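# Provided below for reference: sequence and predicted model.
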Amino acid sequence: MSTINSQPTSPAGWKEYADLLDIPLKEASPSEEDEVIATYRNVYLDSSTLSEKSVDRLYIYTDVLAFTESEVTISPPKASRVYIFTRVLTADAPVNIRLSPAAESTCSVLIYASILDQPVTISAGGSIPTTLQLGPGTGHLGLAAVASGDGLEVEYENLYSVDQHFDFEASLQTQLRIALALFWRNSSIAISLCAHVAAATSKPSQYPLINAQAVSLGQQLAAQAMSGPNSSYVPVLPIDTYMDTLQTAMVATSTFEDQYERFHEDGLEVDDQLKAANVMLQTAINQKGMRTNQRDTASSKYESASKVASNCNLQLQLDSSELVVAQVNFEEGIREWKLEQSLKAAFSIITAIVTFAVGIGEMCMGDPAGEAGAAAAVENAVQEVEAAEELAEQTGKYLSSDTMKKLKDCSTAMQEIYELMDSIYTAVKGLESDPSAEIPSIDQVSGSSQGDADAEAIVAIAAWDKWILESDDQMSFAVGEGIGGASDYQLALRKHAINGKQLAQAQAEAVKAGQEYVQAQMEVVVCENDIENLQALIDQYKDEEGAYVQAAAKFYDRFMALKTSLVIEMRNVLWAYKYYALKDSSVTLDSQKSAADYQQDVFVIKQELENVDSEYASDDQVFKEDVKSEKLPSNYHKLLVEGLKGSDHSASFTLVPDTDTTGENTTRESFASVFNDGYHYRLDGLRVQLRGAKSASEDTVTAKLQISTSGVYSDTTEDKELLNFTSIPQVKRFHYDLSATGEIGETRVDSIFEAVNHTEPPPFAQWTIKVANPDELDLDGLTGIDLHWEGRARYEPIRRRKA
């Protein structure tokens, strides 16, 4: 989706960043007629603006403020005040700001900044320089310094001051425009901008529309970074459907683009400007319906993703209960083993696993009652392993503290944004029927509320993969040592970890989907306001400079909105391509591309699809697999039988692809079932029959089963690279006749059929079987489940075995 590049860290790097941006209304300079107040606003300003000596109040609004010298002196007239609102303070070396007020007067400076590229100090007279402690980790958003004859007083600010100036709002709007422009191109800068704007508009709450847009963009980027490059969404329709919609979007964008460029031509007559403006306005009006459709689609997607996360949460709760039961015997075994061995590191790590596993599960499930205690227990477990790593004897150590810390950090950040999502969605949903509905101001973008979010520091959900492997290897050691209860605990821990990762994937998708909806709804609101304002401007337009600048800014926003819609449609195409080809397209998403660029991208994708199909001499092969529940991995057979006989007559099992490329792993149980010698598995469906069940009456009845997936899937490439996907859960019915003696009769509703208008899932997912009519069935004699899979796959070539 976006490239995680480092942000610039020097004036030259930030100057290059600012020069590349073509953003309207980004700058303002002081009025020569105002002798009291001077205001500078731009994307990039240098410290020369601080040398203004002729005014009482100086306002600096900028994304980046660059210090070009090692010391900057602010020497204003009597009782002067300087206000600096910036995201980045940059320099090539440490800098000191020296305040030098006029004799027998004071000078105050208020600085808000989220990033300091170099140490910055502030001093006055002969005072010792005070280092600015601003940004993430400091707990401070700003600093107020007052210099007088008595020296320097410094006080930190944890809230932004209420600022109703036009230039403050305009600066925030500019930063938001930059974030949207760089959303696909450079996620590091984009997410940093979003976090900064979110903090500036939530502490205190001001400009709620800007806040909602910043949080929406930022949390989408954060959730994408957490998901990692090998995770993506699977659109449920064929790729050609999205290609058709993309072509329609390109036509609208191309029409707007032509008139947008014409509107900005030098020397264009007023009548010609108005003609171009009216065409753009009409295009924007025509696209209102598309905005509403995108919003409604995003809403449905969030509600589906939220349900997926809820189902995954429920499954992890069941896994946690099973883990706790297995833990009792295992802890007794550990106590007995401790008396017989001297492997201190291994002992500490094995005991830490028990604490960590339960704690990390509670954190992911978001139980408010136990969340704080769980976080503390997880931190203690990490510290135990860190201490064990300091011991000289490392025999039997497989799990690292780094793996545990990354999983803890990932889970903590995910919960901080996931737990807010439903309330945000509900509030914004209210705007659909009530334009005056109140939207809560939020400062959380990626688990940080300190005005900056570092995309490179966001820990991906892939941390679960390392935990799954290392914890399983550690438990294999415990099993090998003969520790009582270790084998059962290992089974329970495997399932707990596998489904914990599924929950994390589902939560990340829910955050992305929810904030996609927020962004879409905010765009509906902004679009309606812009159309109304543009109509008024055009009706009164007479080529005044001010009106031209305002109109240009509004048209820029409409142009960016069209481009963003185009990128969203292209993203659907790229998602569909990845699911089909099991690799990324060479096409990159970028809202700064022209319509012609995207036309070329469509050609590239069609070529890539052709190339993928040309790699094989035939279509995927058809498979039919019969699996008895006794042959499923782990203890799923027992859980299925018990669950279907239980009070809710429902049970689940999870399949995970085998990613071992060496064939040397003989101790770790495969969760792939029969799907272990191919790739690109696509299912036509699954039939389930209840072995040992019979009609509850003397008559033949129809056994009605619901078979569903979690909506979280995995797949592997031919080289066994693991790919993760999320989508809408698939729910199918399978009905068959069942006699009083248990004989299976005719199929009434089949769950296996070839899809024509929808994509089909791989088998690697969490599957849930539910009996829809348990009162009509006698399940007392249920002894097992018979599964019949059908679908298509690609198979690895058979190679000659080595002698």
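Good, I have the coordinates. Note that the coordinates shown come from a computational prediction; the quantities given were computed from them, not determined experimentally. Numbering: from 1, shown residues only.

# contacts, neighbours, all on C-alpha from now
Will do.

# Doesn't Leu193 lie inside a strand?
No: assessed with DSSP: H, G, I helix; E, B strand; the rest coil, Leu193 is helix; it does not lie in a strand.

# Can you get me a residue count around it?
29 (other CA atoms under 10 Å).

# didn't it look like it was pressed against Gln175?
Yes: between Leu193 and Gln175 there is a contact under CA atoms under 8 Å: 6.3 Å.

# Other residues contacting the host helix or strand of Asp472?
Per DSSP states H and E: Asp472 is located in helix 463-480. For helix 463-480, contacts defined as CA atoms under 8 Å, 6 or more residues apart in numbering pick out 350, 353, 396-400, 403-404, 406-407, 410, 486-487, 490, 493-494, 497-498, 500-501, 667-668.

# where in the stretch 251-400 of the chain is pLDDT low?
Filtered on pLDDT under 70, the stretch 251-400 of the chain yields the residue ranges 339-342, 368-369, 392.

# can you do 90?
252, 260, 263-273, 283-294, 335-348, 366-373, 388-398 (pLDDT under 90).

# what do you get for the stretch 451-600 of the chain?
451-463, 523, 525-531, 533-534, 536-554, 558, 561-562, 564-565, 592, 595.

# Which parts of the stretch 201-350 of the chain are helices?
With DSSP state H, counting those that start in this stretch applied, the stretch 201-350 of the chain shows helices at 208-227, 239-263, 270-286, 288-338, 344-365, listed in chain order.

# Out of those, which one sits most buried?
Mean neighbour count (mean count of other CA atoms under 10 Å) peaks for helix 208-227 among those, with a mean of 26.

# Who are the packing partners of that helix?
Here helix 208-227 touches helix 166-182, helix 187-202, helix 401-429, helix 486-539, going by 3 or more CA pairs under 8 Å, 6 or more residues apart in numbering; DSSP states H and E.

# Could you identify which of the ones you listed is most buried?
Note that of the helices and strands packed on helix 208-227, helix 187-202 is the most buried (mean count of other CA under 10 Å), with a mean of 28.

# and it, what's its mean pLDDT?
The pLDDT scores in helix 187-202 average 91.

# same thing with stretch 623-634?
Per-residue pLDDT over stretch 623-634 has a mean of 96.

# For that stretch, list every residue counted as buried.
Residues Ser629, Glu630, Leu632, Pro633, Ser634 are the ones in stretch 623-634 that count as buried (16 or more other CA atoms under 10 Å).

# before we move on, what about stretch 372-387?
For stretch 372-387, using 16+ other CA under 10 Å, the buried residues are Ala374, Ala375, Ala377, Val378, Glu379, Ala381, Val382, Gln383, Glu384, Val385, Glu386.

# The last one touches Met404, doesn't it?
Put plainly, it is Glu386. No: look at Glu386 against Met404 with CA under 8 Å: they stay out of range, at 10.0 Å.

# Thr39: neighbouring residues, count only.
There are 17 residues near Thr39, going by other CA under 10 Å.

# Confirm it sits in a strand?
Yes: assigned with three-state DSSP, Thr39 falls within a strand.

# ok, now which ones touch it?
Shown in contact with Thr39 (CA under 8 Å, 6+ apart): Ala28, Ser29, Pro30, Leu58, Tyr59, Ile60, Tyr61.

# Spell out the residue ranges of the helices in the stretch 501-650 of the chain.
With DSSP H, counting those that start in this stretch as the criterion, the stretch 501-650 of the chain has helices spanning 545-581, 595-614, 636-645.

# Adding distance to Gln219 and mean neighbour count, write the ones you listed out as a markdown table.
What follows is the helices of the stretch 501-650 of the chain, written out as a markdown table (distance: least, CA to CA, whole Å; neighbours: other CA atoms under 10 Å):
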| stretch | distance to Gln219 | mean neighbour count |
| --- | --- | --- |
| helix 545-581 | 17 | 20 |
| helix 595-614 | 26 | 14 |
| helix 636-645 | 36 | 19 |
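
# Tabulate those helices (JSON lines), appending distance to Ala179.
Listed next are the helices of the stretch 501-650 of the chain as JSON lines, based on distance: least, CA to CA, whole Å:
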{"stretch": "helix 545-581", "distance to Ala179": "12"}
{"stretch": "helix 595-614", "distance to Ala179": "21"}
{"stretch": "helix 636-645", "distance to Ala179": "47"}
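
# Mind pulling the model confidence for the closest residue to Gln766 other than its chain neighbours?
Counting by CA to CA, 6 or more residues apart in numbering, Gln766 lies nearest to Thr654, which is 4.1 Å off, once chain neighbours are set aside. For Thr654, the model assigns a pLDDT of 94.

# For Thr654, which residues are in contact?
Taking CA under 8 Å, 6+ apart as the test, what Thr654 contacts is Lys495, Asn499, Phe671, Phe764, Ala765, Gln766, Trp767.

# Which of those residues fall in helices?
Counting by DSSP state H, the part of these found in helices is Lys495, Asn499.

# just the buried members of the contacts of Thr654?
By 16+ other CA under 10 Å, the contacts of Thr654 give Lys495, Asn499, Phe671, Phe764, Ala765, Gln766, Trp767 as buried.

# Look up how far Ser127 lies from Asp539.
Going from Asp539 to Ser127 by CA to CA, to the nearest Å gives 60 Å.

# isn't Glu322 right next to Arg494, touching?
No: Glu322 is beyond contact range of Arg494, at 11.3 Å (criterion: CA under 8 Å).

# Could you give the backbone dihedrals for Glu796?
Glu796 adopts backbone torsions of phi -70, psi 150, taken as degrees, to the nearest 10.

# That one against His680, yeah?
No: applying CA under 8 Å, one finds Glu796 not in contact with His680, separated by 10.7 Å.

# between those two, which one's more packed in?
The residue with more neighbours, out of Glu796 and His680, is His680; 21 against 11, by other CA under 10 Å.

# tell me which residues form a beta bridge with the closest residue to the more buried one other than its chain neighbours?
Leaving aside its chain neighbours, His680 sits nearest to Ala793 (5.3 Å; criterion: CA to CA, 6+ apart). Applying DSSP bridges to Ala793 yields these beta-bridge partners: Gln621.
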